[in-house]
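Novice: Quick one: sequence plus predicted model below, questions after.
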Amino acid sequence: MIYQFHSKAGPDVIMLADLSQRIFDILEHPLEKRGILVTERLPEFIARLESAIAADAASKSSTPDKPADSDQDKPRADRLGQRAFPFLELMKQACAANEPVVWGV
């Protein structure tokens, strides 16, 4: 499944269900087929996601480097910060413009 997130404050963000669910678990907000992130809670959601991104980056940087040709180590593309960046930016833009983030509508 694919989710498309909208806000009048910025461009749409499209994410696959696995990443969307991971982010919404971090936000502690249910991910349903249709929904809204209200403006009053956006600062809290932004802080939670930024904290999770920082923790993910710290855990990745504390593990020893493996050879570049290792199949066991997926490179930086799997980092939460890189995958969640567009959604985080959309939430920041929506918060600054006092607009909600919606999906499935």
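Specialist: Great, that's in hand.
Novice: what number of residues lie near D12?
Specialist: The tally of other residues near D12 (other CB atoms under 10 Å) stands at 11. To be clear about C-beta, it is placed using only N, CA and C from the backbone, and glycine gets the same treatment.
Novice: Which residues belonging to the helix or strand hosting it are considered buried?
Specialist: Assigned by DSSP states H and E, D12 belongs to strand 10-16. Using 16 or more other CB atoms under 10 Å as the burial criterion, the residues of strand 10-16 that qualify are G10, V13, M15.
Novice: With pLDDT added, can I get these in a markdown table?
Specialist: Output for these, formatted as a markdown table (pLDDT from 0 to 100):
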| residue | pLDDT |
| --- | --- |
| G10 | 95 |
| V13 | 97 |
| M15 | 96 |
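Novice: Got the phi and psi for the closest residue to R22 other than its chain neighbours?
Specialist: With sequence-adjacent residues excluded and distances taken as CB to CB, 6 or more residues apart in numbering, R22 is closest to L80, at 7.4 Å. Reported as degrees, to the nearest 10, the phi and psi values for L80 are phi -60, psi -40.
Novice: Surely L80 and D25 touch.
Specialist: No. The pair L80 and D25 does not pass the contact test of CB atoms under 8 Å, sitting 11.4 Å apart.
Novice: If you count surrounding residues, which of those two has more?
Specialist: Taking other CB under 10 Å, L80 and D25 do not tie; L80 has more neighbours (21 against 12).
Novice: pretty sure Q4 is in a strand, no?
Specialist: Yes. Counting by DSSP: H, G, I helix; E, B strand; the rest coil, Q4 falls inside a strand.
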